[in-house]
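sequence first, predicted coordinates after that:
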Amino acid sequence: MLPTVTRMTVIPVAGYDSFLLNLSGGHAPWFIRCVVILEDNAGHRGAGEIPCSEGILKGLEQCKSLVVGTSVAALKGTLGRVHQRLATNGREERGRQTFDLRVAVHVITAIESALFDLMGQAVELPVADLLGRYGRQRDEVEALGYLFLLGDPECTDLPYPRPSRPIDRWDEVRCREALTPEAVVELARAAHERYGFRDFKLKGGVLLPEREADCIRALHEAFPEARLTLDPNGAWSLEEAIRVLTPIRHMLSYAEDPCGQEQSWSGRETMAEFRRRTGLPTATNMIATDFKQLQYALQVGAVDIPLADCHFWTMQGAVAVGELCDEWGLTWGSHSNNHFDVSLAMMTHVAAACPGDITAIDTHWIWQDGQRITRAPLQIREGRIRVPDAPGLGIELDDAMLEQAHQLYLSLDVRQRNDAMAMQYLVDNWQFDPKRPALVR
Ligand SMILES: O=C([O-])C(=O)C[C@H](O)[C@@H](O)C(=O)[O-]
Ligand SMILES: [Mg+2]
């Protein structure tokens, strides 16, 4: 008989972050996440990590009684009931920010991850072996070097991390301004030295589009073999995206959300037009964020690479997208947000279970590396993450570090991600505009 869930604990946590710029503004010096821990009567603990907001914390409370007392073996039925309960809260929108503002799908994922972690420990198999139709497809997952333009922390009085005892170049460059092609290449070189990345993504939607294209030119010169992509989160108009990316088409392996909704055109329509007119493959985490949207995106020919982040597709949903991609000649990839090491493990198991030729996954981990809530975070070496062989997620929570991250959360009066706050140090009264790069004001 498999064990029964005896307790569900929800722990909001916070960690520190650099002044990363994006269309939504500038990251605050902290990020918030939510950790869900399930305990069972065999003495195991299972974990899940998701973004944090007041809505998400409420959603998790709403589901506790549906989870505690259930058999780990019945995890699919439990997730079905959680899904039904959350559906009574009504329809949700992803929103136009760079980050997802939904609740239900995140809540389900946290519970799903913790249940699969328990299940894996009960049957002594890694989560990757339990996901999808055929379980684990690879023993190592390729990750890309996720680069950001950086604001100058010295322009603020905010507690951004400073490199007090840098162990290498990466520790230094990730804490200071980076707004030029040279600075972006320096970031890439330092990240390459520490993590061995072979591919890079640059977050755009910050400078004039032509200046961001110059950053790609510089990256291509420094790393001619690397698969490169640029992601302005749909900030550019269709015509702008075509004008700016056509000359650097041969340097990009795909374009991520180069354009989006504009005038009477939907993001799926402009992306389809962009793809037809440039011949560049497109990736998205904005216009195909659930199965219905994915269906319409594919019907109009808008997307080659759905970035199915398990935090907003669920783990089983993200693998299902991977299986469709493999059958239908698309390429699976994963988006990310700032995260701790539980999420790193979740993303690794999910990517390991996706069949076929997947693209290197996004991870913000390099910006958080050095902070942790597990005893031994998975490592990125030679640009790859090894899938743990230990049962479940293959991680062990570190209670002292978890408590420290929880205390940081409690000490901050931050209950929702807000990138406008830090941005106002750079531009007076800065406000989010989904069609204007953050520093073009
Ligand atoms: O690929 C993406 O769109 C992201 O990673 C979204 C994130 O919100 C990113 O813009 C960030 O961390 O600022
Ligand atoms: Mg994106």
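In hand now; what should we look at? Ligands and ions are numbered 1, 2, ... in the order given.

list the contacts of the single nearest residue of the stretch 51-200 of the chain relative to ligand 1.
Taking C-beta to the nearest ligand atom, ligand 1 has its nearest neighbour within the stretch 51-200 of the chain at residue 98, 3.5 Å off. C-beta here means a position set from N, CA and C on the backbone, and glycine is covered the same way. Residue 98 is in contact with 22-24, 205, 233, 419, counting by C-beta atoms under 8 Å, 6 or more residues apart in numbering.

between these, which sits nearest ligand 1?
residue 22 (3.5 Å).

for residue 253, see how far away that closest one is.
Here residue 22 is placed at a distance of 21 Å from residue 253 (C-beta to C-beta, to the nearest Å).

who has more neighbours out of those two?
Set residue 22 next to residue 253 and count neighbours by other C-beta atoms under 10 Å: residue 22 wins out with 24 against 18.

quick one on the thing from earlier: gap between the residue of the stretch 51-200 of the chain closest to ligand 1 and ligand 2?
7 Å (C-beta to the ion, to the nearest Å).

same deal with residue 296?
Relative to ligand 2, and taking C-beta to the ion, residue 296 is found at 18 Å.

now the helices for the stretch 51-200 of the chain?
Taking DSSP state H, counting those that start in this stretch as the test, the helices found in the stretch 51-200 of the chain are 54-67, 75-87, 104-123, 127-130, 169-173, 181-195.

name the helices or strands packed onto the last one?
The one in question is helix 181-195. Judged by 3 or more C-beta pairs under 8 Å, 6 or more residues apart in numbering; DSSP states H and E, the packing partners of helix 181-195 are strand 145-148, helix 169-173, strand 200-203, helix 209-222, helix 365-368.

does ligand 1 sit close to the fourth one?
Spelled out, that is helix 209-222. No: judged by C-beta under 6 Å from any ligand atom, helix 209-222 stays clear of ligand 1, getting no closer than 13.4 Å.

likewise stretch 286-294?
No: Stretch 286-294 stays clear of ligand 1 (C-beta under 6 Å from any ligand atom), getting no nearer than 6.7 Å.

now the contacts of residue 98 as TSV including distance to residue 220 and secondary structure?
Below are the contacts of residue 98 laid out as TSV (distance: C-beta to C-beta, whole Å; DSSP: H, G, I helix; E, B strand; the rest coil):
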residue	distance to residue 220	secondary structure
22	22	strand
23	23	coil
24	27	coil
205	20	coil
233	21	coil
419	28	coil
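
quick one: buried residues of stretch 209-226?
Using 16 or more other C-beta atoms under 10 Å as the test for burial, stretch 209-226 gives 209, 211-216, 218-220, 222-223, 226.

now do it: everything it contacts.
147, 149, 180-182, 184-185, 188-189, 192, 197-200, 202, 204, 206, 228, 230, 232, 236, 240-241, 244-245, 247-248, 251-252, 437.

follow-up on the earlier one: so which of the helices and strands packed on helix 181-195 comes closest to residue 138?
For residue 138, the closest of these is helix 365-368, at 18.7 Å, according to C-beta to C-beta.

chain center to that closest one, what's the gap?
11 Å (C-alpha atoms, centre = their mean, to the nearest Å).

equivalent analysis for stretch 137-147, please.
Worked out by C-alpha atoms, centre = their mean, stretch 137-147 lies 13 Å from the chain centre.

same question for stretch 190-205.
The answer for stretch 190-205 is 15 Å, by C-alpha atoms, centre = their mean.

list phi and psi for the residue nearest in space to the middle of the chain.
Residue closest to the mean C-alpha point of the chain, counted by C-alpha atoms, centre = their mean, is residue 336 at 0.8 Å. In terms of degrees, to the nearest 10, the main-chain angles of residue 336 are phi -150, psi 170.

got the contact list for it?
146, 309, 343, 347, 361-364.

which non-adjacent residue is nearest it?
Distances taken as C-beta to C-beta, 6 or more residues apart in numbering place residue 362 nearest to residue 336, at 4.3 Å, with adjacent residues excluded.

before we move on, the earlier item: local confidence estimate at the residue nearest to the centre of the chain?
What the model reports as pLDDT for residue 336 is 98.

for residue 243, see how far away it is.
Counting by C-beta to C-beta - residue 336 and residue 243 are separated by 29 Å.

go on, residue 375?
When distance is defined by C-beta to C-beta, residue 375 is 50 Å away from residue 243.

before we move on, what about residue 424?
31 Å.

could you do residue 322 as well?
Applying C-beta to C-beta to residue 322 and residue 243 gives a distance of 34 Å.

which one of those two has more residues nearby?
residue 322 (28 against 14).

could you dump the contacts of residue 98 to CSV with pLDDT and distance to ligand 1?
Output for the contacts of residue 98, formatted as CSV (pLDDT from 0 to 100; distance: C-beta to the nearest ligand atom, whole Å):
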residue, pLDDT, distance to ligand 1
22, 98, 3
23, 98, 7
24, 98, 6
205, 98, 8
233, 98, 5
419, 98, 7
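
mind listing the helices for the stretch 201-350 of the chain?
209-222, 238-245, 267-278, 291-299, 310-313, 315-328, 341-353.

dump the ones you listed into JSON lines; add distance to residue 395 as well.
Shown next, in JSON lines, are the helices of the stretch 201-350 of the chain (distance: least, C-beta to C-beta, whole Å):
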{"stretch": "helix 209-222", "distance to residue 395": "32"}
{"stretch": "helix 238-245", "distance to residue 395": "39"}
{"stretch": "helix 267-278", "distance to residue 395": "36"}
{"stretch": "helix 291-299", "distance to residue 395": "29"}
{"stretch": "helix 310-313", "distance to residue 395": "15"}
{"stretch": "helix 315-328", "distance to residue 395": "15"}
{"stretch": "helix 341-353", "distance to residue 395": "5"}
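
output those helices as CSV; include the columns distance to residue 396 and mean pLDDT.
Shown next, in CSV, are the helices of the stretch 201-350 of the chain (distance: least, C-beta to C-beta, whole Å; pLDDT from 0 to 100):
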stretch, distance to residue 396, mean pLDDT
helix 209-222, 37, 98
helix 238-245, 44, 98
helix 267-278, 41, 98
helix 291-299, 34, 98
helix 310-313, 20, 97
helix 315-328, 19, 98
helix 341-353, 11, 99
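
give me the nearest residue to residue 42, chain neighbours excluded.
According to C-beta to C-beta, 6+ apart, the nearest residue to residue 42 is residue 3 (3.9 Å).

what pLDDT does the one you found get?
Per the predicted model, pLDDT is 98 at residue 3.

show the contacting residues for it.
Contacts of residue 3 (C-beta under 8 Å, 6+ apart): 40-42, 44, 71-72, 118, 122.

which of those count as buried?
By 16+ other C-beta under 10 Å, the contacts of residue 3 give 40, 44, 72, 118, 122 as buried.

and which of these is nearest ligand 2?
residue 118 (31.7 Å; C-beta to the ion).

what helix or strand is the nearest residue to the closest one once chain neighbours are set aside on?
Once flanking residues are discounted, residue 118 sits nearest to residue 46: 3.7 Å by C-beta to C-beta, 6+ apart. Using DSSP states H and E, residue 46 sits in strand 45-51.
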